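Q: What shape does this take:
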Amino acid sequence: MFYILYGQNDFSRHQALEEIKKDLGSSEMLTVNTNLFDSQQLNLSELKNACSSTPFLSPARLVIVEGLLGRFELKPRPGRRGSRSQSKSGSELGEWQGLGDYIKQMPPTTVLVLLDGEVKGNNPLLKSLVPLAKVMTCPQLRSKEIGGWIQERVSQSGGTITPEAVKLLVELVGGDLWFMGNEIDKLLIHSSVQDITEDDVRQLTSYAREANIFALVDAILEGRVKVAQRLLHQLLQGGAAPSYILVMITRQLRLIVRAKELSNQKLSRSEIQNRLGLASDYVLDKALKQAKAYTQERIKRAYHQILDADIAIKTGRYDSDLALDLLVIDLCES
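A: From the prediction side, this is the model:
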């Protein structure tokens, strides 16, 4: 099976990936049979080897590749603004021109997923692979669409919410769907037998913007172990799931990596914001500031530490709270 999930809305991409995982057997064995690749350090031969491997005590092997399509985005022609993009022939895909032929003969036990941010319809690799894939596009929600998204998520979870509460949630949380989803989960638990109201939103989200993931990452960057642990515990006590915290730390690291890359390309602030798909100036400012403090080597170590913590939780080696505590200490000291 072959999937392409792309678009600026990384929350929806993650949700789509989780839905794929649900059909692939137990989460513990799937963890053992999952390969995650950064496309910048990947060649076609390595991908074929991973996809051709027989799963171990599991019905499927999951292979995830991040950012491959983005490598083949067409660049604007130099010269006048608004000029057409440079064309790329199939030969300019290099070895990746053979990916489609391999997918046609890929083992049926393998599930290959390409994850990407914003990708344009004229992307040559995307055009060559679309006929072979189940494709999901995940565009960034516009401000007027967030309210409908809240209503739908609450309804799917069996709850109800007043229009006034929806409006206040949008004002307090904004367009960060990761944070919004976590707040909705807390509100659903709190208001399990009645409508979610404005008062419920005020009670449960009043401090959440202070004890957020950005402050936690700031404390980790600065090596302030006690502060980082306090913020971690505030998030956990406020109802944040350990998986949410892991995903959010990973997401922030990815934003840091992309912000660093784009800053090095001397792009303007607005261009960087557009490339990252960020509607919030606050999130952009944090990513740019944190990008200056993180070296590539430190980011690589952090990814490995997060993966170790995730495996420790899923295999039962540590309970989730302890694994997160140890992770925060390791990240602060790395």
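Q: tell me, which helix in the chain spans the most residues?
A: helix 242-264 (DSSP state H).
Q: to the chain's geometric centre, what's the distance from the helix or strand following it?
A: Tracing the chain past helix 242-264, the next element assigned as helix or strand by DSSP states H and E is helix 269-276. Computed by C-alpha atoms, centre = their mean, to the nearest Å, the separation of helix 269-276 from the middle of its chain amounts to 17 Å.
Q: Averaged pLDDT, helix 269-276. What do you get?
A: The average pLDDT for helix 269-276 rounds to 80.
Q: Could you identify the helix or strand that succeeds it?
A: As the chain continues past helix 269-276, the following element, by DSSP H and E, is helix 281-293.
Q: Against which helices or strands is the very next helix or strand once past that following helix packed?
A: Counting by DSSP H and E, the next helix or strand C-terminal to helix 281-293 is helix 296-314. Contacts defined by 3 or more C-beta pairs under 8 Å, 6 or more residues apart in numbering; DSSP states H and E place helix 296-314 against helix 27-32, helix 242-264, helix 320-333. Every C-beta, even on glycine, is put in place using the N, C-alpha and C of the backbone.
Q: Contacts made by helix 296-314 with the rest, please.
A: 27-28, 31, 36, 242, 246, 249-250, 253, 256-257, 260, 294, 317-320, 323-324, 326-327, 330-331, 334 (C-beta atoms under 8 Å, 6 or more residues apart in numbering).
Q: Show me which of these are buried.
A: Among the contacts of helix 296-314, those buried by neighbour count (16 or more other C-beta atoms under 10 Å) are 31, 242, 246, 249-250, 253, 256-257, 260, 294, 318, 320, 323-324, 327, 330-331.
Q: re the thing from before, for the longest helix of the chain, the distance to its chain's centre please.
A: Relative to the chain's own centre, helix 242-264 is displaced by 8 Å; criterion: C-alpha atoms, centre = their mean.
Q: Going by residue numbers, what spans are helices in the stretch 101-250 of the chain?
A: Applying DSSP state H, counting those that start in this stretch to the stretch 101-250 of the chain gives helices spanning 124-129, 143-156, 163-173, 177-190, 198-205, 213-221, 225-237, 242-264.
Q: which helices and strands sit right next to the shortest one?
A: Looking back up the chat, that one is helix 124-129. Counting contacts by 3+ C-beta pairs under 8 Å, 6+ apart, helix 124-129 is packed against strand 2-6, helix 99-104.
Q: Flag the shaky bits of the stretch 101-250 of the chain, pLDDT-wise.
A: Residues of the stretch 101-250 of the chain that meet the criterion pLDDT under 70 lie in 205-212, 238-239.
Q: What is the longest helix of the chain packed up against?
A: helix 177-190, helix 213-221, helix 225-237, helix 269-276, helix 281-293, helix 296-314, helix 320-333.
Q: List the buried residues for stretch 122-133?
A: Applying 16+ other C-beta under 10 Å to stretch 122-133 flags Asn123, Pro124, Leu125, Leu126, Ser128, Leu129, Leu132, Ala133 as buried.
Q: about what we covered before: pick the most buried one from the helices and strands packed on helix 124-129.
A: Mean neighbour count, computed with mean count of other C-beta atoms under 10 Å, is highest for strand 2-6 among the helices and strands packed on helix 124-129, reaching a mean of 21.
Q: could you give the mean pLDDT of the next helix or strand after it?
A: Scanning forward in sequence from strand 2-6 by DSSP H and E, the next helix or strand is helix 10-22. For helix 10-22, the mean pLDDT works out to 90.
Q: Please apply the same query to stretch 25-33.
A: Mean predicted confidence for stretch 25-33 is 86.
Q: send the alpha carbons of it over as CSV?
A: Provided in CSV are the C-alpha atoms of stretch 25-33 (Å, rounded to 0.1, in the frame of the first residue of the first chain):
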residue,chain,number,x,y,z
GLY,A,25,-1.7,-4.6,13.9
SER,A,26,-0.6,-3.9,17.5
SER,A,27,1.2,-0.6,18.2
GLU,A,28,4.0,-2.4,20.0
MET,A,29,5.0,-4.7,17.1
LEU,A,30,4.4,-1.9,14.6
THR,A,31,7.0,0.2,16.4
VAL,A,32,9.5,-2.6,15.9
ASN,A,33,8.5,-2.8,12.2
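Q: Contacts for that stretch next, please.
A: Contacts of stretch 25-33 (C-beta under 8 Å, 6+ apart): 21, 24, 55-62, 310-311, 314-315.
Q: likewise stretch 258-270?
A: Here stretch 258-270 has contacts from Glu271, Ile272, Arg275, Leu276, Leu284, Ala287, Leu288, Gln290, Ala291, Lys292, Tyr294, Gln296, using C-beta under 8 Å, 6+ apart.
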